[in-house]
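Novice: Show me the folded form of this:
(one chain, ligands or ions: 2)
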Amino acid sequence: MKVLVTGGVGYIGSHTCCELLNNGYDVVVVDNLSNSQRNVVKKIEKITGKKVIFYKGDVCDKNFLIKVFNEHKIDAVIHFAGYKAVGESVKKPLMYYHNNLISTISLLEIMSDFGCKKLVFSSSATVYGNPKKLPITEDFPLHTTNPYGTTKLMIESILKDLYVSDNEWSIAILRYFNPIGAHSSGLIGENPNGIPNNLMPYIVKVANKELKELSIFGSDYNTKDGTGVRDYIHVIDLAKGHIKAIQKVINDNGIDAYNLGTGKGYSVLEIVNTFEKVNNVKIPYKIVDRRAGDIDACYASTVKAKEMLNWSAEFEIEDMCRDAYNYVLKNKIK
Ligand code: NAD
Ligand code: UDP
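Specialist: Ligands and ions are numbered 1, 2, ... in the order given. Got it, this is the predicted structure:
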């Protein structure tokens, strides 16, 4: 079984490639390296002892995709490729709509031409906007608050329309909550350029003394300690969810969306405290104003993924904090 992984050199894609290879799938990766490093391909091969077929290229480029599909009989696709920074998407909406939508439409057209109609798509919990109650189930109303989120919601609609037009398609839409952590080898992990926007990469840089202190965005939220609550999920658990989703799309037809989260919410202060404890480091912080657009709390109902995909997360928050820091220590990221 040969799986095409778009964006497979990136953070979630690289961990998913390892799980695919460890589960006996052949893997073809396409990535334009706009947010990743080529040496990750070698690291995936080192972790798994298996070969990765890698093409550098842009998923928006249909001729490039035709070449890949001509050279390999692809059975199913996992589509990670896309831009993902919320703040940047507000400043550069056209860049986000162009890359995320055109890449997906190009991919779907070429998949259709080659009769490959099995897809796992990376969506996000951001499509739930500010949920009215918790935990979030997949049938909650969908709305978005930034261009990045809107690209995900638009793609979900495109996929639903595509399935209505042709019932041979089999599509799993995965709505990720907050992926953190890294492979236990420390070879692959999350390494954003510049000053990170997300909590865990920021904490890791404070621990590594690259940044002085963490700014906690607000302590007056309607949560247990006033700081924002999120559902953090270990990237390895997330990667394993993709194996279950690939099995599902290979065996069944249809389209469905699944939350990939742990179902547990942790506050910013709980994350800071846990990180300090498991890694024996100090994370200096100050409380600052709320960040525009942030919500009080967000965590998943995990029932559907458990029932339909037979998947649930296994790692605890301590594992996530430990593995995130281990990646930095092993790579001495400066
Ligand atoms: P990432 O940036 O690490 O990986 C994305 C990869 O896609 C990168 O290697 C990048 O070079 C590549 N890419 C981007 N545009 C491309 C294009 N047009 N052609 C070819 N390659 C292209 O991001 P990630 O964290 O691994 O996220 C993967 C997917 O999951 C994204 O679609 C993202 O929106 C989604 N997602 C991520 C999170 C998160 O917190 N990390 C949460 C929810 C959803
Ligand atoms: N957060 C914070 N300081 C930071 C980055 C994030 O206090 O430097 C908080 C943010 O307000 C939210 C939580 O940490 O409550 C998770 O934020 P992140 O950006 O990682 O994920 P998202 O907001 O997209 O769920």
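
Novice: buried ones in the lowest-mean-pLDDT helix or strand in the chain?
Specialist: Lowest mean confidence among the helices and strands of the chain (mean pLDDT, DSSP states H and E): helix 86-91, at a mean of 93. By neighbour count on 16 or more other CB atoms under 10 Å, the buried set for helix 86-91 is V86, E88, S89. The way it works is simple: take the backbone N, C-alpha and C, and place the C-beta from them, glycine included.

Novice: From M154, how far out is the nearest residue to the last one once chain neighbours are set aside?
Specialist: Pointing back at S89 there. Nearest non-adjacent residue to S89, counting by CB to CB, 6 or more residues apart in numbering: Y148, 3.7 Å away. Counting by CB to CB, to the nearest Å, the gap from Y148 to M154 is 11 Å.

Novice: neighbour count winner among these two?
Specialist: Y148 (24 against 17; other CB atoms under 10 Å).

Novice: Pull up the gap between that one and Y202, please.
Specialist: 18 Å.

Novice: got it, and N99?
Specialist: Taken as CB to CB, the span from N99 to Y202 is 25 Å.

Novice: For ligand 2, give me its nearest residue in the stretch 101-250 of the chain.
Specialist: Relative to ligand 2, the nearest point of the stretch 101-250 of the chain is G228 (2.2 Å; CB to the nearest ligand atom).

Novice: ditto for the stretch 1-150 of the chain
Specialist: V86 (6.4 Å).

Novice: and that residue, what does it touch?
Specialist: Going by CB atoms under 8 Å, 6 or more residues apart in numbering, V86 touches T126, N146, Y148, G149, N197, G293.

Novice: The residue nearest to the last one when sequence neighbours are not counted: neighbour count?
Specialist: With sequence-adjacent residues excluded and distances taken as CB to CB, 6+ apart, G293 is closest to T145, at 5.4 Å. The criterion is other CB under 10 Å. On that basis, T145 has 16 neighbouring residues.

Novice: phi, psi of T145?
Specialist: Main-chain torsions, T145, degrees, to the nearest 10: phi -120, psi 0.

Novice: And the pLDDT for it?
Specialist: On pLDDT, T145 comes in at 91.

Novice: repeat for R38
Specialist: Per-residue confidence (pLDDT) for R38: 96.

Novice: With I333 instead?
Specialist: The model's pLDDT for I333 equals 51.

Novice: ok, now G293?
Specialist: G293 is given a pLDDT of 87.

Novice: show me the contacts for it.
Specialist: Contacts of G293 (CB under 8 Å, 6+ apart): V86, T145, N146.

Novice: and K244, what element?
Specialist: Assigning secondary structure by DSSP states H and E places K244 in helix 235-251.

Novice: What segments of the stretch 101-250 of the chain are strands?
Specialist: 118-124, 170-176, 178-180, 214-217, 229-230, 232-234 (DSSP state E, counting those that start in this stretch).
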